[in-house]
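A.B. asks: can't give you the sequence, but here's the structure:
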């Protein structure tokens with residue numbers, strides 16, 4: 001009986017060691033995904049958007065996560081592939097309908113593809129979720145500008161300026177208002 005107990009422990013210990021050795025050679029999916037996400041973040045920060053898309057895609061292959069889809073969508077958008085970005089933003093929204101920033105980013109990419117009704121709905125959803133989300137007002141104003149709707153551009157820029165703390169976008173918004181004023185006085 002004692003020999004059987006020793007044999008059982010030996011087999012269990014051997015199995016554990018084999019499992020640990022296997023893990024050292026093949027990191028689990030979560031670890032692989034984390035490594036690829038980190039590489040993607042570095043590529044994105046270095047403005048190598050093609051490499052960022054590749055890294056995030058590898059991470060998604062290892063372990064699909066909404067946050068990684070969002071990162072890949074931003075990389076797609078940064079390189080001008082707005083349709084691919086839109087597809088990824090929808091995957092994020094499938095997991096979290098309450099992400100005002102993602103709705104705004106969907107609106108930005110939809111504006112870039114001239115899908116203005118989708119863009120307007122996305123910006124409106126973002127603002128219903130967070131009425132003080134300044135970026136949604138700014139980018140919706142740009143959408144209205146693309147459509148030639150100066151009245152709504154002015155209204156959204158004024159709302160943006162009243163609540164935003166982003167000095168760079170505030171300067172761009174002021175310039176936009178000045179351009180509208182110059183066009184209106186001609």
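C.D. replies: The structure has been received and is ready for your questions. Keep in mind it's a predicted model, so treat the numbers as computed, not measured. Numbering: from 1, shown residues only.
A.B. asks: How about the spatially most central residue of the chain: what's its closest non-neighbour residue?
C.D. replies: For the chain, residue 70 is the residue whose C-alpha lies nearest the centre (C-alpha atoms, centre = their mean; 3.0 Å). Ranked by C-beta to C-beta, 6 or more residues apart in numbering and with sequence neighbours excluded, the top spatial neighbour of residue 70 is residue 92, at 4.7 Å. (Glycine included, C-beta is placed from N, CA and C.)
A.B. asks: Quick one: residues contacting that neighbour.
C.D. replies: Residues counted as contacts of residue 92 (C-beta atoms under 8 Å, 6 or more residues apart in numbering) are 66, 67, 69, 70, 73, 99, 102.
A.B. asks: And the pLDDT for it?
C.D. replies: Looking at residue 92, its pLDDT reads 97.
A.B. asks: just the one 5 residues further on next, same as before
C.D. replies: Looking at residue 97, its pLDDT stands at 95.
A.B. asks: For the strand or helix carrying the residue nearest to the centre of the chain, list every residue counted as buried.
C.D. replies: Per DSSP states H and E, residue 70 falls inside helix 66-78. Going by neighbour count (16 or more other C-beta atoms under 10 Å), the buried part of helix 66-78 is 66, 68, 69, 70, 71, 72, 73, 74, 75, 76, 77.
A.B. asks: Then stretch 38-52?
C.D. replies: Buried, per 16+ other C-beta under 10 Å, within stretch 38-52: 39, 40, 43, 44, 48, 49, 51, 52.
A.B. asks: Pull the residues that contact that stretch.
C.D. replies: For stretch 38-52, contacts defined as C-beta under 8 Å, 6+ apart pick out 53-56, 59, 68, 71-72, 74-76, 78-79.
A.B. asks: Sort out which one of those residues lies nearest residue 159 for me.
C.D. replies: Comparing the contacts of stretch 38-52 against residue 159 with C-beta to C-beta places residue 74 closest, at 24.4 Å.
A.B. asks: so the closest one touches residue 105, yeah?
C.D. replies: Yes. With contact defined as C-beta atoms under 8 Å, residue 74 counts as touching residue 105 (7.0 Å).
A.B. asks: Identify the contacts common to the two.
C.D. replies: Joint contacts of residue 74 and residue 105 (C-beta under 8 Å, 6+ apart) are residue 85.
A.B. asks: Residue 111 and residue 69, how far apart?
C.D. replies: According to C-beta to C-beta, to the nearest Å, residue 111 and residue 69 sit 20 Å apart.
A.B. asks: How is the chain divided into domains?
C.D. replies: Domain segmentation of the chain under automatic domain parsing yields 27-96, 97-186.
A.B. asks: Which helix or strand lies directly C-terminal to the helix or strand bottoming out on mean pLDDT in the chain?
C.D. replies: Lowest by mean pLDDT, DSSP states H and E among the helices and strands of the chain is helix 2-25, with a mean of 51. Following helix 2-25 in sequence order, the next helix or strand is helix 29-45 (DSSP H and E).
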